[in-house]
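Participant: could you look at this predicted model? Sequence included:
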Amino acid sequence: MPHAHTVEVLYHAHHGWLTGWLRRRLGCPENAADLAQDTFIKLLAARETPQLVEPRAFLTTIAKRVLFNHYRRQDLERAYLETLAQFPQMLAPSEEEKAIILQTLVELDQLLDGLPRLVKRAFLLSQIDGLSQGAIALELGISIATVKRHLTKAAMRCYFAL
């Protein structure tokens with residue numbers, strides 16, 4: 001319970017300031033409010049809150065991570081919608097299917113976060129585009145053995161994340 005109390009104290013003392021800080025970066029009060037809430041949810045999800053000498057610096061660090069993930073999700077959504085626009089209207093998924101696919105892409109992106117770009121690319125070419133290891137090797141200009149190592153590395157990341 002002390003952890004929740006600490007987060008509550010931080011929330012009451014700094015929520016307004018954090019929302020304003022995010023608003024200046026985003027230019028959108030609604031998104032700023034959402035991301036401020038997400039920042040405090042991250043704190044609540046943590047096992048404990050460290051002793052804070054500079055609470056605003058601490059909140060800023062967490063909010064920057066939340067903001068980065070927000071921008072990353074926007075980039076993913078934009079790329080997904082651009083790809084969808086290339087398909088004939090009759091093949092377009094429903095709004096519900098779009099939301100599910102986008103959420104799956106975001107989760108996959110989070111799972112693969114931190115892997116080298118080529119490892120991610122090889123994995124996505126295999127899993128999303130359905131390319132064979134030989135085709136991936138040609139596409140990326142690497143050997144089939146390297147493709148196998150990349151796919152194993154990405155698959156292990158996903159397996160251990162689950």
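Facilitator: Thanks, I have the structure now.
Participant: could you export the strand or helix carrying Ala137 as PDB, CA atoms only?
Facilitator: For Ala137, the host element (DSSP states H and E) is helix 133-140. Extracted in PDB, the C-alpha atoms of helix 133-140 (Å, rounded to 0.1, in the frame of the first residue of the first chain):
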ATOM      1  CA  GLN A 133      14.500 -17.800 -45.900                       C
ATOM      2  CA  GLY A 134      16.100 -17.700 -49.300                       C
ATOM      3  CA  ALA A 135      13.800 -14.900 -50.400                       C
ATOM      4  CA  ILE A 136      14.600 -13.000 -47.200                       C
ATOM      5  CA  ALA A 137      18.400 -13.500 -47.800                       C
ATOM      6  CA  LEU A 138      18.000 -12.000 -51.300                       C
ATOM      7  CA  GLU A 139      15.900  -9.100 -50.100                       C
ATOM      8  CA  LEU A 140      18.300  -8.200 -47.300                       C
END
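Participant: Leu59 against Ala13, yeah?
Facilitator: No. Judged on C-beta atoms under 8 Å, Leu59 makes no contact with Ala13 at a distance of 9.8 Å. Any C-beta I mention is one placed from the backbone N, CA and C, and that applies to glycine too.
Participant: more neighbours, these two?
Facilitator: Each of Leu59 and Ala13 has its neighbours counted (other C-beta atoms under 10 Å); Leu59 has more, 23 against 13.
Participant: tell me how far the more buried one lies from Leu124.
Facilitator: As judged by C-beta to C-beta, to the nearest Å, Leu59 and Leu124 stand 34 Å apart.
Participant: one more: Arg24?
Facilitator: The separation that Arg24 has from Leu124, given C-beta to C-beta, amounts to 35 Å.
Participant: before we move on, the earlier item: let me see the mean pLDDT of the following helix or strand past the helix holding Ala137.
Facilitator: Where DSSP H and E defines the elements, the next helix or strand beyond helix 133-140 is helix 144-161. For helix 144-161, the mean per-residue pLDDT is 91.
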